[in-house]
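>>> Sequence and predicted structure are below.
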Amino acid sequence: MSEVVLEIRDLSVDFPGLGETVRAVRDCSLSVRKGEIMGLVGESGSGKSVTAMACLGLVPPPGMVRGSVEVAGRQVVGRAHGELVDLRGGIAAMIFQNPGSALNPYFTIGRQITDAIVCHRDLTPRAARVAVIETLRLVHLPDPEIAIDKYPHQLSGGQLQRAMIAMAMACEPELLIADEPTTALDVTIQAQIIVLLRDLAQETGLTILFITHDLGVVASLCDRVAVMYAGTIVETGPLPELFDAPAHPYTERLMHTVPRMGGGKAELAYIKGQVPNMAHLPKGCAFHTRCAYATEVCREQPPAARVLGDSRLAACHHALGALHLREIADRGAG
Amino acid sequence: MSALLSVRELSKVYKSRQGPVRAVDSISFDIASGETLALVGESGCGKSTVALSLLRLIEPDGGQVIFEGADFGTIGEARRQRLRRNMSIVFQNPYSSLDPKMRVRDIVGEPLLTAYGLRGKEQRARVEGHLRDVGLGPEHMARYPHEFSGGQRQRIAIARALALEPRLLILDEPTAALDVSVQAQVLNLLRSLQDRLGLSYMFISHNLATVEYIADRVMVMYLGRIVESGPVKRVFAHPAHPYTRALIDSIPSTDPRLRHRLKPLRGEVPSPLNAPPGCPFAPRCARVMEACLAAKPPFDPIEQARSVACLYPLEQEADS
């Protein structure tokens, strides 16, 4: 098996408040191998972004982080700010949903990318400028020699997202965390960014943790996917297998709710009920109040992750695992 | 079917320091009673400007808006206000379109008070009815918007829009801010309301899959102009304009095996400040010819109820 770039084990993030604690992330485990594009999918409030923040030690106070996150073999949880400086932007970089608010409007994009570069690499101003133009060319920003001296307001949303990706790629990180980078963009621009990230991963061997709520984006970009619900990962597996036969009822329902082209006028399915309040989670499985298959055991016991076959996991009491488990046992014996 | 709403050569030009911006450039369309017309296009193409000009929330610079047979530009203010009650709008973001300091009953009741002076018991009964229509109960009346989820808030916004019993509802990206599992509920609700109340919808969206679900006809806008219009099924199955084709090819499929079909369009929408002299789509079009650069293509009918603004439209096949 190839090298693991991101290893999250039993990660929990709590936000204590007045009288109640919001459990934003609960016992999450996930590992992303080198060169892999891992999709992290879930609805708003499912804990996707907090998980991403925790990967770079960026959970804001009063958030309390427990468990373990290793990026390229380095522990992130519990480290002081000073110990993480060369990790952030160097070994792992992050891009955000809204490039317009992630960049500083007072400085040219060239200046901002230069700042990111000289933070990690010892370069003369002239060499840094060359490096910036190089990264802008890497992300196919048109006319990089001119674009480098532009201010954020002079670029379009799609160009800004390219500039953000350039900044993230400037120090050749091993891991790129992309938090909904195409959600604020138009479909035609989104398609361009998807293809760009796909090419970057192929050419540079970049590892990407791609956070989104859009199953179509996951299908067209990711190698594997992890589905989050109410702060925990309910299912993980490779594509296209996971989308062909989702094992967790939540994944299955979620896939049905997406209106797709060619679907015509057939009534749309939806998931009844609402995402639970993260400060008062139901006993047992967090999804049981909305699940059609829920039984006594679901109401009483939180499900553990079950192995369903090659790198497939589902946290459901009713995931069809028995057969697969037997197959694995047979393979182990044979 | 007679048209409930007729729009003729509607234009809106915004003045800016760099020069005039033609946000909406002479567009014409009709909406029949009980029909849903979708307006699709990328950000900045003028979709919302069209919506706001219909409601006279912004004053158009040219053209006519004829609603229920009356030309909004020539009738008196009093009559216009009365007619305006038959038109309503639901905005994209239910987190900013509801006043956080008002209770649900006042949010939905306010139009009734303003338009008819209804208050007290009468108002309450009407508000309860409208909330029931959108799937909310009387127990929700005294609550504030922050006590509701996004999908429920959008239901409240819909109830408010229905309060005056309009005939035309303008839906400006009503599900763009919602999660998919909730989006489906709101779309189902909109369709059942239409069936029951005989409403006409103008559905503005950039999501073609939701358009396919809810709309009868679709208009595709690019840089302030309509480039293609026709029945949803025909247009999406056999687009005639290369831009419509490109929009469809940009949607990521939920089937990972079809990921190679994702074909990004090159370039970006040009600034309306220096729109190209010929076809607005020419700089990005893969099929561009010399004639496309010279003059704006006319918006011509190509078949029954279908028009396209392209000199070299894509080949049409018969529906299988």
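Yep, it's here. Numbers count the residues shown, from 1 in each chain, chains lettered A, B, ... in the order given.

>>> Name the residues that touch stretch A:100-115?
Stretch A:100-115 is contacted from outside by A:95-96, A:125, A:128-129, A:132, A:135-136, A:147-153, A:155, A:157, A:160, A:163-164, A:166-167, A:170, A:184, using CB atoms under 8 Å, 6 or more residues apart in numbering or on different chains. All C-beta spots, glycine's among them, are computed from the backbone N, C-alpha and C.

>>> Repeat that for stretch B:56-67.
By CB under 8 Å, 6+ apart, stretch B:56-67 touches B:3-13, B:24, B:26-28, B:49, B:52-54, B:71-73, B:80, B:83-84, B:86-87, B:168.

>>> can you tell me which of the contacts of stretch A:100-115 are in helices?
Among those, the members falling in helices are A:125, A:128-129, A:132, A:135-136, A:147, A:157, A:160, A:163-164, A:166-167 (criterion: DSSP state H).

>>> Mind giving me the packing neighbours of the top helix by length along chain B?
When chain B is scanned for its longest helix (criterion: DSSP H), the result is helix B:180-197. In terms of contacts (3 or more CB pairs under 8 Å, 6 or more residues apart in numbering or on different chains; DSSP states H and E), helix B:180-197 is packed against helix A:249-257, helix B:150-162, helix B:208-214.

>>> try 10 Å
With contacts defined as 3 or more CB pairs under 10 Å, 6 or more residues apart in numbering or on different chains; DSSP states H and E, the packing partners of helix B:180-197 are helix A:249-257, strand B:36-40, helix B:120-133, helix B:150-162, strand B:168-172, strand B:200-205, helix B:208-214.

>>> Partner strands of the helix or strand encompassing residue B:23, with direction?
Taking DSSP states H and E as the definition, residue B:23 sits inside strand B:19-32. If you go by DSSP bridges, strand B:19-32 pairs up with strand B:3-16 (antiparallel).

>>> buried sites along the partner strand?
Under the neighbour-count criterion of 16 or more other CB atoms under 10 Å in any protein chain shown, strand B:3-16 has B:3, B:4, B:5, B:6, B:7, B:10, B:11, B:12, B:13 buried.

>>> Can you tell me how far residue B:274 is from residue B:19?
When distance is defined by CB to CB, to the nearest Å, residue B:274 is 8 Å away from residue B:19.

>>> to the chain's geometric centre, what's the distance from stretch A:101-115?
Offset of stretch A:101-115 from its chain centre (CA atoms, centre = their mean, to the nearest Å): 24 Å.

>>> That one: which residues count as buried?
A:102, A:103, A:108, A:109, A:110, A:112, A:113, A:114.

>>> and the fifth one, helix, strand or coil?
Translated: residue A:110. Put simply, residue A:110 is helix when judged by DSSP: H, G, I helix; E, B strand; the rest coil.

>>> Do you know the pLDDT at it?
At residue A:110, the predicted lDDT confidence score is 95.

>>> Now residue B:67. Its backbone dihedrals?
The phi/psi pair for residue B:67 (degrees, to the nearest 10) reads phi -120, psi 130.

>>> I'd like to know how far it sits from residue B:5.
Counting by CB to CB, the separation of residue B:67 from residue B:5 is 5 Å.

>>> Quick check: neighbours shared by these two?
B:31, B:54, B:86, B:87, B:167, B:168 (CB atoms under 10 Å, 6 or more residues apart in numbering or on different chains).

>>> May I see these organised as TSV, with distance to residue A:302, neighbour count and pLDDT added?
Below are the shared contacts of residue B:67 and residue B:5 laid out as TSV (distance: CB to CB, whole Å; neighbours: other CB atoms under 10 Å in any protein chain shown; pLDDT from 0 to 100):
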residue	distance to residue A:302	neighbour count	pLDDT
B:31	52	24	95
B:54	52	22	92
B:86	53	16	93
B:87	51	24	93
B:167	51	20	95
B:168	50	22	95
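
>>> Test my guess that residue B:33 contacts residue B:198.
Yes: in this structure residue B:33 lies within contact range of residue B:198 using CB atoms under 10 Å: 7.1 Å.

>>> The two - which one has more neighbours?
Ranked by neighbour count (other CB atoms under 10 Å in any protein chain shown), residue B:33 and residue B:198 place residue B:33 first, with 15 against 10.

>>> Tell me the spacing between that one and chain A.
Distance, residue B:33 to chain A, by CB to the nearest CB, to the nearest Å: 19 Å.

>>> which non-adjacent residue is nearest that residue?
Of all residues not flanking residue B:33 in the chain, residue B:4 sits nearest, at 4.7 Å (CB to CB, 6 or more residues apart in numbering or on different chains).

>>> Now for that neighbour: which residues touch it?
Residue B:4 makes contacts with B:30-35, B:66-69, B:86-87, B:167-168, B:199-200, as judged by CB under 10 Å, 6+ apart.

>>> is the most centrally placed residue in chain A in a bridge, and if so with what?
The C-alpha lying nearest the average C-alpha coordinate of chain A belongs to residue A:211 (CA atoms, centre = their mean; 3.1 Å). Under DSSP bridges, the beta-bridge partners of residue A:211 are residue A:40, residue A:179.

>>> which ones are touching it?
Here residue A:211 is in contact with A:38-42, A:48-49, A:51-52, A:94, A:96-97, A:177-181, A:183, A:218, A:226, A:228 (criterion: CB under 10 Å, 6+ apart).
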